[in-house]
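[1] next comes the sequence, and after it the predicted model I'd like to discuss.
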Protein chains: 2
Amino acid sequence: MVRKPLVSIVSAGLSKFGRLEGIYGREIFADAVKEAFERCPNLNPAKDIEALFVGHMGESYEHQGHTGPTLADWAGLLPKPAMRLESACASSGAALRTGIFAVLSGMHDIVMVGGVEKMTHRTTSEVTEFLAMASDFPFEQWHGITFPGLYALMATAHMHKYGTTEEQMAMVAVKNHHNGALNPKAHMQKEVTLEKAMSSRVIAWPLKLYDCSLITDGASCLILTRPDLAKKFTDTPVHIIGSGQASDAIGIYEREELTTLKAGRLAGQEAYKMADVKPKDLDIAEVHDCFTIAEIIAYEDLGLCKPGKGGSLVEEGSTTLDGEIPVNTSGGLKSKGHPVGATGTAQAYEIYLQLTEQAERRQVSGAEVALSHNVGGSGATAAVHIYRRG
Amino acid sequence: MVRKPLVSIVSAGLSKFGRLEGIYGREIFADAVKEAFERCPNLNPAKDIEALFVGHMGESYEHQGHTGPTLADWAGLLPKPAMRLESACASSGAALRTGIFAVLSGMHDIVMVGGVEKMTHRTTSEVTEFLAMASDFPFEQWHGITFPGLYALMATAHMHKYGTTEEQMAMVAVKNHHNGALNPKAHMQKEVTLEKAMSSRVIAWPLKLYDCSLITDGASCLILTRPDLAKKFTDTPVHIIGSGQASDAIGIYEREELTTLKAGRLAGQEAYKMADVKPKDLDIAEVHDCFTIAEIIAYEDLGLCKPGKGGSLVEEGSTTLDGEIPVNTSGGLKSKGHPVGATGTAQAYEIYLQLTEQAERRQVSGAEVALSHNVGGSGATAAVHIYRRG
């Protein structure tokens, strides 16, 4: 049996998300770290933080692997142990889970988890190729399919089986851009109309430009500690009360179904069970909207609605900022941006702000219980965490 | 406080190391996994193993990232959570430490840790470039320095400060090739004379061909569980009683000294302290001999001799199979081979064989206490583990 809460978040940081020119990923990470340290004046980082676990997806962008110690150096944490986790776009979701293991193990009391990616200095075709490394080489990449293509297959399957419409997918974009416009750190801080989203150019039918998340530079981090130590550092900790992770075949040709991500369902079930929380108990959620169809599938996989009803859920407005269960209050990957390695802990950062009433114009008043859902690739990895206001 | 032993190894597997043509890394990993399962008939892998942590250094070799779930699939472990750890050549040392966290955390009782790399299908210049990603891009790679060059700097510094000789470095190669010739899974199973090593072509002076480890394909894995569960699976568990990891600046230009790896020293100190073991208590050690100078520095960093005396230690024969403290009984990275992501848990595999008296012609009779020392890149990461016969 695992004690609950598992760990407490006592601080968090996020760099500006966007096109950050002329700097390295390590410098962007240092920006996120600076915010986390400033939020937590009682912490003596070099002394107190015992280890670093970072999500970083692609060594190709900056021709740089071995990012654990590199980022530890730029965070001022040398010679503490540091490791890079790579689980595609769920890299920092995996880093978060590893940080939880480390604290629960008794080997560390205070750790930093986070993630980073520097992408925008590369051409779109390079980024498309580098991202594709998270799909199966012999049976997917080799034949030329890319991530928009893989998610387009899921979208058409969902349309065919459930009658989900292109308009419903576009409504995810409209909602998330509305939220992103309220987030000063988002990459694209502007609203988009349904008409504009629907008439944007086709990337991989039925997915259009506005159905796709952004290529973004950014970094995120959290400071985790044992719940009994949290009050030393903050009056407003956020507890992590559930952690679930699961895997699926990397190639979608091996999946039983294309309209659901099995790893997402299983990770959600594990996290809910551990937290003793049900979907209806959630006040907010950050879900992995790498494509608009992914958010619709996430609703269903996480039990926010029944299978097949994700399109209706967004159409009814249930997931808007003032809906029954606001989803992606940050703007999501769609509008806040998707620096792939940073996304998992960036979701947790938004939840940290919301559960400590620091989300300003996008604050969901009184939010107490939240969920983050971070997917790797086309769903071979999913990591779900559940949080409670401390 | 952490309980001791931390975890127990109840099985282990290693693929053949070498030039394995016409297969993917995932298939090589499956070979290692098959051996681990066959050694442990009481284990029902798909049911009992709860998570997979794998070291994999380079997405570039096979244009394949997201190797956690890929390898979980080929190990028959889906839908269990799986993560890739990347800490350069210490990737599976980091995976091992993460597996220890996971078991100690109470969130998992039985996990697999391991690592893999498929390298030999690439040209030497590609491999040199891919490996270099573990060094600093702006201040090292960009200027053309490679790993043989970085270690050559350490070697010349060691020669200058301590009088270490080229012959002493070559003696490391002679010793490790002798051991590798006794290991049926080693890449190069042949002895080398001092004369041949000394007269081999210069790669980066003073390092010659025989001072460099091999470019190798291979995979390794271990099955870890709680010590109180170990006897369910085997009569001869091997306990892990200490784990240390530390970081240093990625660029060696930032280091205080070139004749020692600070991360190696600190990781060793942490592991010794946790295990309550002193260097003189060790019966055998597997150390990270990516270059012969690295083994000499490891002797010193791990306290097998005083600083500066590493060259003499090998010259006196203290680290041969029948010496006072046999080092790299497997043949080491030098002769067994160095499939980078697999190396950390391959060292642990050798120790598992030795402490369970299964090392055949290279068995060190009655070995009870052992150490593994796994270094990432030019020393920005080091992971040290200490083991005791169960």
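    That came through, no problem. Just so you know, these numbers come straight off a predicted model, no measurement behind them.
[2] may I see the buried residues of stretch A:62-70?
    Of all the residues in stretch A:62-70, those buried under the rule 16 or more other CB atoms under 10 Å in any protein chain shown are A:62, A:64-70. Every C-beta, even on glycine, is put in place using the N, C-alpha and C of the backbone.
[3] quick one: the helices in the stretch 51-200 of chain A?
    For the stretch 51-200 of chain A, applying DSSP state H, counting those that start in this stretch gives helices covering A:67-74, A:91-104, A:124-132, A:147-162, A:166-180, A:194-198.
[4] so which elements touch the third one?
    So the one you mean is helix A:124-132. On a contact count with 3 or more CB pairs under 8 Å, 6 or more residues apart in numbering or on different chains; DSSP states H and E, helix A:124-132 meets helix A:147-162.
[5] off-centre distance for the helix it packs on?
    Its chain's C-alpha centre and that of helix A:147-162 lie 21 Å apart, by CA atoms, centre = their mean, to the nearest Å.
[6] looking at chain A, which residue lies furthest from center?
    Distance to the chain centre peaks in chain A at A:Lys47, reaching 28.9 Å (criterion: CA atoms, centre = their mean).
[7] quick check: it is in a helix.
    Yes. Under DSSP: H, G, I helix; E, B strand; the rest coil, A:Lys47 falls within a helix.
[8] returning to that earlier point: dump the helices of the stretch 51-200 of chain A into a markdown table; add mean pLDDT as well.
    Shown next, in a markdown table, are the helices of the stretch 51-200 of chain A (pLDDT from 0 to 100):
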| stretch | mean pLDDT |
| --- | --- |
| helix A:67-74 | 98 |
| helix A:91-104 | 98 |
| helix A:124-132 | 96 |
| helix A:147-162 | 98 |
| helix A:166-180 | 98 |
| helix A:194-198 | 98 |
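[9] identify, out of the ones you listed, the most deeply packed stretch.
    Burial of those is given as mean neighbour count (mean count of other CB atoms under 10 Å in any protein chain shown); helix A:91-104 ranks first at a mean of 31.
[10] look up the closest residue to whichever residue of the stretch 251-390 of chain A sits closest to chain B, ignoring the ones flanking it.
    Using CB to the nearest CB, the closest approach of the stretch 251-390 of chain A to chain B is made by A:Ala380 at 3.9 Å. Spatially, and ignoring its direct neighbours in sequence, A:Ala380 is nearest to B:Pro69 (3.9 Å; CB to CB, 6 or more residues apart in numbering or on different chains).
[11] can you tell me which residues contact the one you found?
    Residues counted as contacts of B:Pro69 (CB atoms under 8 Å, 6 or more residues apart in numbering or on different chains) are A:87, A:247-250, A:263, A:376, A:380-381, B:78, B:82.
[12] so which helix or strand takes in the residue nearest the centre of chain A?
    Residue closest to the average C-alpha location in chain A (CA atoms, centre = their mean): A:Gly344, at 3.3 Å. Assessed by DSSP states H and E, A:Gly344 sits inside helix A:343-355.
[13] what pLDDT, on average, does that helix get?
    The pLDDT scores in helix A:343-355 average 98.
[14] just stretch A:314-332 next, same as before
    Averaged across stretch A:314-332, pLDDT comes to 98.
[15] and what of stretch A:37-45?
    Mean per-residue pLDDT for stretch A:37-45: 97.
[16] distance between that stretch and the chain's centre?
    24 Å.
[17] just stretch A:285-304 next, same as before
    Relative to its chain's centre, stretch A:285-304 lies at 11 Å (CA atoms, centre = their mean).
[18] B:Val174 is nearest to which of the helices of the stretch 51-200 of chain A?
    The closest of the helices of the stretch 51-200 of chain A to B:Val174 is helix A:67-74. By CB to CB, the value is 32.7 Å.
[19] could you export the closest one as PDB, CA atoms only?
    Taking Å, rounded to 0.1, in the frame of the first residue of the first chain, the C-alpha atoms of helix A:67-74 are listed here in PDB:
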ATOM      1  CA  THR A  67      20.300  16.500 -20.700                       C
ATOM      2  CA  GLY A  68      20.000  15.400 -17.100                       C
ATOM      3  CA  PRO A  69      23.300  16.800 -15.900                       C
ATOM      4  CA  THR A  70      23.200  19.600 -18.400                       C
ATOM      5  CA  LEU A  71      20.000  21.000 -17.000                       C
ATOM      6  CA  ALA A  72      21.100  20.300 -13.400                       C
ATOM      7  CA  ASP A  73      24.100  22.500 -14.100                       C
ATOM      8  CA  TRP A  74      21.800  25.300 -15.400                       C
END
